[in-house]
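**Student:** Prediction below, plus the sequence it came from.
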Amino acid sequence: MIYLDHAATTPPDPAVIRAMDDCMARAWHNPGAAYTAASEARRALRLCRECVAGMLNARPQEIVFTSGGSEGNNQAMTLARGGHVVVGAVEHASVLNAARRVAGEVTVAPSDGEGIVSPEAVERALRPDTRLVCVQFANNETGVLQPVREIGALTRSRRVPFLCDAVQAFGRVPIDVQALNVDLMTLSAHKFFGPRGAGGLYVRQGVPLGPLIEGGGQEFGLRSGTENVPAVEGMRVAAALAARDIAARAGHERALAATFLRRLSARVPDCRLLARSAPRLPGVMAVYLPGLPSEQAVAELDLLGVQVSGGAACAARSGKASHVYRAMGLCEADARCVLRVSLGRDNTEAEMETAAEAIAGVYMKFKGGKSG
């Protein structure tokens, strides 16, 4: 199988699996227990907190462990409960749906045709009573990098808390929450070769965030429940590996993407890379294939041993066109004809050639069948 859906999830690194197995056997005590044997579990939590904080230029006490990006986004959204919130048009569903459920009023800041939510669009959406602004770091369907630094400068000048969903970006690009003026940031371990069920929420000191889950007051009172120590240990190992490999992975994926697009464009001249001119994560590509329904393409490619998606995994079975592609100006029909191809560090040049040929073959077969 050729796996090209790393934006959905990544295979856990072997070192992560070994670390989690060892932690399960060695540090299985409740980290909240007072006896000495629980110190190993507490140490695992401390080391991961320090690792993640170091990668964000944050304080360890500003990192709250969660089950992943969706939980963190939902908790951050409670700052806007009953009030006004501004969200980017291309946000993940966990932000958009939480905003609609929690906030009193939601203003959607539009994106341009490249999928960029500009600081000007955010500024136009701001009101004196705005309680939260939400703009992601990198889009999960196109890889587009948003102007987070400029938006952060704007929100800081207006004294409005700023939530940045960095689930796709953490471990792939350098992030400095101080320079970006971000107040809340979410991440998820399974996006950078760690385990599912482990994530983090950065909460800038002084932000008046309350808990989403009540209970025993773990995680500085912001996330109750006995910590999932083995998963946190796996996240620490995955984060450390990602920090070491950021530059190398970016270069590798950039080269692979060039090979893939060159071969696919030669075979299917009508295909188009969305957001081609925008700054993007090098390994996430949204490719428009005129007239070919992505649902059919994904199914046929799966039979050929190539795993891609038609957009966000959480919306794959909804039957609806991607709101991201629609926000970028595609009509309903065209938005259903986009494949997301997302690369990982273990993909090869040969796989790019094979995948491009497979996609071209499916496209030609469909076009031939339509014309016949």
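**Tutor:** Perfect, I can see it now. Residues are numbered from 1 along each chain as shown.
**Student:** Next, the contact list for Glu50, please.
**Tutor:** Counting by CB atoms under 8 Å, 6 or more residues apart in numbering, Glu50 touches Pro60. Quick note: C-beta positions are derived from backbone N, CA and C, even for glycine.
**Student:** now the helix or strand hosting it: how far from the chain's centre is it?
**Tutor:** Applying DSSP states H and E as the criterion places Glu50 in helix 39-56. Its chain's average C-alpha position is 22 Å from that of helix 39-56, according to CA atoms, centre = their mean, to the nearest Å.
**Student:** Now do it, average pLDDT.
**Tutor:** On average, the pLDDT along helix 39-56 is 97.
**Student:** Next SSE downstream of it?
**Tutor:** strand 63-66.
**Student:** residues in contact with that following strand?
**Tutor:** Strand 63-66 has contacts (CB under 8 Å, 6+ apart) with 45, 48-49, 52-53, 56, 72, 75, 186, 198-203, 219-220, 222-223, 227-228, 232.
**Student:** for stretch 22-34, same thing?
**Tutor:** For stretch 22-34, using CB under 8 Å, 6+ apart, the contacting residues are 35, 37-38, 40-45, 216, 218, 226-227, 229-230, 233-234.
**Student:** rerun at 10 Å
**Tutor:** Applying CB atoms under 10 Å, 6 or more residues apart in numbering, the external contacts of stretch 22-34 come out as 35-46, 216-218, 226-227, 229-234, 236-237.
**Student:** Now do that stretch: distance to the chain's middle.
**Tutor:** The chain centroid and the centroid of stretch 22-34 are separated by 30 Å under CA atoms, centre = their mean.
**Student:** And the helix ranked longest in the chain, how far out from the chain middle?
**Tutor:** Using DSSP state H to define each element, the chain has its longest helix at helix 229-267. The chain centroid and the centroid of helix 229-267 are separated by 13 Å under CA atoms, centre = their mean.
**Student:** tell me which residues in it are buried?
**Tutor:** In terms of neighbour count (16 or more other CB atoms under 10 Å), helix 229-267 has its buried residues at 229-243, 245-246, 249-250, 252-253, 256-257, 259-261, 263-265.
**Student:** again with stretch 68-81
**Tutor:** By 16+ other CB under 10 Å, the buried positions in stretch 68-81 come out as 68-80.
**Student:** Dump the residues you listed to CSV, plus secondary structure and distance to Cys164.
**Tutor:** Shown next, in CSV, are these (DSSP: H, G, I helix; E, B strand; the rest coil; distance: CB to CB, whole Å):
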residue, secondary structure, distance to Cys164
Gly68, coil, 16
Gly69, helix, 11
Ser70, helix, 15
Glu71, helix, 16
Gly72, helix, 11
Asn73, helix, 10
Asn74, helix, 15
Gln75, helix, 14
Ala76, helix, 9
Met77, helix, 13
Thr78, helix, 16
Leu79, helix, 13
Ala80, helix, 15
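**Student:** can you put those residues in TSV and add distance to Ala121 and pLDDT?
**Tutor:** Putting the buried residues of stretch 68-81 into TSV (distance: CB to CB, whole Å; pLDDT from 0 to 100) gives the following:
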residue	distance to Ala121	pLDDT
Gly68	28	98
Gly69	23	98
Ser70	25	98
Glu71	28	98
Gly72	24	98
Asn73	20	98
Asn74	24	98
Gln75	25	98
Ala76	20	98
Met77	20	98
Thr78	24	97
Leu79	21	97
Ala80	18	96
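**Student:** what two of those residues are the furthest from one another?
**Tutor:** Maximum pairwise distance among those (CB to CB): 20.4 Å, between Gly68 and Ala80.
**Student:** So which residues of the protein form strands?
**Tutor:** 2-3, 63-66, 84-88, 105-109, 130-134, 162-165, 184-188, 199-203, 272-273, 284-288, 306-307, 338-342 (DSSP state E).
**Student:** name the helices or strands packed onto the first one?
**Tutor:** For strand 2-3, the elements it packs on are strand 306-307, helix 349-371, judged by 3 or more CB pairs under 10 Å, 6 or more residues apart in numbering; DSSP states H and E.
**Student:** Select from those the stretch with the lowest mean pLDDT.
**Tutor:** Looking at the helices and strands packed on strand 2-3, the bottom one is helix 349-371 with a mean of 91.
**Student:** Next, the buried residues of it.
**Tutor:** 351-352, 354-356, 358-360, 362-363, 366-367.
**Student:** Over to stretch 300-315?
**Tutor:** Across stretch 300-315, burial judged by 16+ other CB under 10 Å covers 300-301, 304, 306-312, 315.
**Student:** again, but for stretch 117-128
**Tutor:** In terms of neighbour count (16+ other CB under 10 Å), stretch 117-128 has its buried residues at 117-119, 121-123, 125-126.
**Student:** Equivalent analysis for stretch 177-195, please.
**Tutor:** In stretch 177-195, the ones that count as buried by 16+ other CB under 10 Å are 177, 180-195.
**Student:** For this structure, which helix or strand comes out least confident on mean pLDDT?
**Tutor:** Ranking every helix and strand in the chain by mean pLDDT, DSSP states H and E puts helix 349-371 at the bottom, with a mean of 91.
**Student:** CA atoms only for that helix - export them in CSV, please.
**Tutor:** Presented in CSV, the C-alpha positions along helix 349-371 are these (Å, rounded to 0.1, in the frame of the first residue of the first chain):
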residue,chain,number,x,y,z
GLU,A,349,10.1,9.1,-5.2
ALA,A,350,9.0,5.7,-6.6
GLU,A,351,5.7,5.9,-4.7
MET,A,352,5.1,9.4,-6.1
GLU,A,353,5.5,8.1,-9.7
THR,A,354,3.3,5.1,-9.0
ALA,A,355,0.6,7.2,-7.3
ALA,A,356,0.5,9.8,-10.0
GLU,A,357,0.1,7.1,-12.7
ALA,A,358,-2.6,5.4,-10.7
ILE,A,359,-4.6,8.7,-10.3
ALA,A,360,-4.1,9.5,-14.0
GLY,A,361,-5.3,6.0,-14.9
VAL,A,362,-8.5,6.4,-12.8
TYR,A,363,-9.1,9.8,-14.3
MET,A,364,-8.7,8.6,-17.9
LYS,A,365,-10.9,5.6,-17.2
PHE,A,366,-13.6,7.8,-15.8
LYS,A,367,-13.4,10.3,-18.6
GLY,A,368,-13.4,7.5,-21.2
GLY,A,369,-16.5,6.0,-19.6
LYS,A,370,-18.3,9.3,-19.6
SER,A,371,-17.5,10.0,-23.2
